[in-house]
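>>> Sharing a sequence plus its predicted fold:
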Amino acid sequence: MTPFITDKNRPDMTAAMELVHLIKGTVSGLSKGDVREMMTQHFRQLRLIGKSGKWKTKELEKLGDFLLPNDLNGDKVKAFVDQVARQAETNQYLNDFFEKAQGHHFDHLYRKVRTEGDAVFPSVVTYALVLERLTEAMRDDWRIIECCKNVWKKARVKVGLSTYISLFERIKLTSVEIGIHLILQCHKSRKVPSRFCRVILPVNIIEAMIADIRLGYKDNAASGLPLAINLPGAKKFNPKTGAAQSHWSKDKKVIHLCMSLPGKWADLYSTWNLAFVSRYRDFPYFMAKLLIPQVASYQDSPEEFIYNRALALYTQCHYAFLGRSDLAKQGKEAIQWNDRKLTEFWGKVNKESARNYSEDVRHQDPSWGNRFKAKLQNSFM
């Protein structure tokens, strides 16, 4: 049996600290050429760069130096990993998971880290850099969202994507794209409905809860319930919880969604969804969509979290699904790092965090716990 902490010479290191240490060790020797080549391959998988090495659209070409810079070496990549780690440390619920995981045994994951980490971690981190920059570009200009949407729509048809993804993934992709369509409508009309995403967001969460239940991860499914119940788009501002109508950010580039205690809601969502994606074979890539700073640095403005997360998720869906079609055509399989013990344990910790979040909401506003919500909550929790 192998504990989550792997460095016997550094018993003072937490599991999170050691993971960061391990990842940095695998990227430290990367040259500028290495980083650029790996990022280029990720953009190719996304179909945003063609086989010729050129960007697929003029809009992307104009952003080429930002999306694919020439000056990223191992030291800068290590600094990026540190930035990701600092943001993760601000999430109390995620910290609770790492603290409680200390000393636990996830043997399959540990073996994969030891035998494949040197190859997988640099690939994951450079993908995270791609996702970070593309999400930032989308956030800064909604036309980049539309540009990517058009590229991906054609790419899905070309590869026959439905052949390579499950029914749940087809439903998920459809619901994500509905959300993106609604976001684009808001930008084009320059109007945000006061109850924007009050339906599509809980639907998205419930889809994942159902998938967790089907696969036997009932604890993690239960931890998603408070997220689905505490909806954005309140009829009026609640000064006790921060719940409010949906609205534009000051710069008119982001739609703010205000759930009850939005910072803690975002913290819970992050650890809940990280546990959810940990069941995937290639889950380290899926985790990037929640850990990149563009998504995770929401502490000063948690109302922006879901907007940025939606953009990163939209990209992630296409990266994963188009990549799966590429592997199938090459007769290869994705990495297999998922460890059921890890996912089950993470769900148990998340369930307790969900209880704590719900108690915090009720403490701030006792009227929140009305009969219907309380009954629904108790039936799961």
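Thanks, I have it. Bear in mind that the values here come from a model prediction, so they are computed numbers and not experimental data. Residues are numbered from 1 along each chain as shown.
>>> From now on I want contacts and neighbour counts done on CA atoms only, so please keep to that.
OK.
>>> low-scoring stretches of this structure, by residue?
1-13, 369-381 (pLDDT under 70).
>>> please redo it, this time with the cut-off set to 80
For the chain, residues meeting the criterion pLDDT under 80 lie at 1-16, 368-381.
>>> how about the longest helix belonging to it: buried residues?
The residue-count maximum for a helix in the chain (DSSP state H) belongs to helix 107-140. By 16 or more other CA atoms under 10 Å, the buried positions in helix 107-140 come out as 107-110, 112-113, 117, 120-139.
>>> which residues of the stretch 51-200 of the chain fall in helices?
58-62, 64-67, 74-89, 92-101, 107-140, 142-159, 167-189, 200-214 (DSSP state H, counting those that start in this stretch).
>>> hey, C-alpha coordinates of the helix or strand following the last one in CSV?
Put plainly, it is helix 200-214. Heading C-terminal from helix 200-214, the first helix or strand you meet, by DSSP states H and E, is helix 218-223. Below are the C-alpha coordinates for helix 218-223, written out as CSV (Å, rounded to 0.1, in the frame of the first residue of the first chain):
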residue,chain,number,x,y,z
LYS,A,218,-23.7,8.8,-4.6
ASP,A,219,-21.8,11.0,-2.1
ASN,A,220,-20.5,13.3,-4.8
ALA,A,221,-23.9,13.4,-6.4
ALA,A,222,-25.4,14.5,-3.1
SER,A,223,-22.8,17.2,-2.8
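>>> Against which helices or strands is helix 218-223 packed?
In this structure, helix 218-223 makes packing contacts with helix 200-214, helix 262-277, helix 340-364, judged by 3 or more CA pairs under 8 Å, 6 or more residues apart in numbering; DSSP states H and E.
>>> which helices and strands sit right next to the longest one?
Where contact means 3+ CA pairs under 8 Å, 6+ apart, helix 340-364 is packed against helix 92-101, helix 218-223, helix 225-229, helix 262-277.
>>> Now do that helix: distance to the chain's middle.
Relative to its chain's centre, helix 340-364 lies at 18 Å (CA atoms, centre = their mean, to the nearest Å).
>>> so what's the backbone phi/psi at I49?
For I49, the backbone dihedrals (degrees, to the nearest 10) come out as phi -120, psi 130.
>>> Spit out the contact partners of it.
T40, F43, W55, K56 (CA atoms under 8 Å, 6 or more residues apart in numbering).
>>> The last one: neighbour count?
So the one you mean is K56. 18 (other CA atoms under 10 Å).
>>> so what's it up against?
R47, L48, I49, G50, V151.
>>> Could I get the helices of the stretch 51-200 of the chain in TSV, plus columns for distance to L342?
Formatted as TSV, the helices of the stretch 51-200 of the chain follow (distance: least, CA to CA, whole Å):
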stretch	distance to L342
helix 58-62	39
helix 64-67	34
helix 74-89	18
helix 92-101	9
helix 107-140	8
helix 142-159	32
helix 167-189	22
helix 200-214	14
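>>> right, and the ones you listed - which one's nearest Q364?
With CA to CA as the criterion, Q364 lies closest to helix 92-101 of the helices of the stretch 51-200 of the chain, at 18.4 Å.
>>> Residues touching that closest one, excluding its own?
Contacts of helix 92-101 (CA under 8 Å, 6+ apart): 4, 14-16, 88-89, 267-268, 270-271, 345-346, 349-350, 353.
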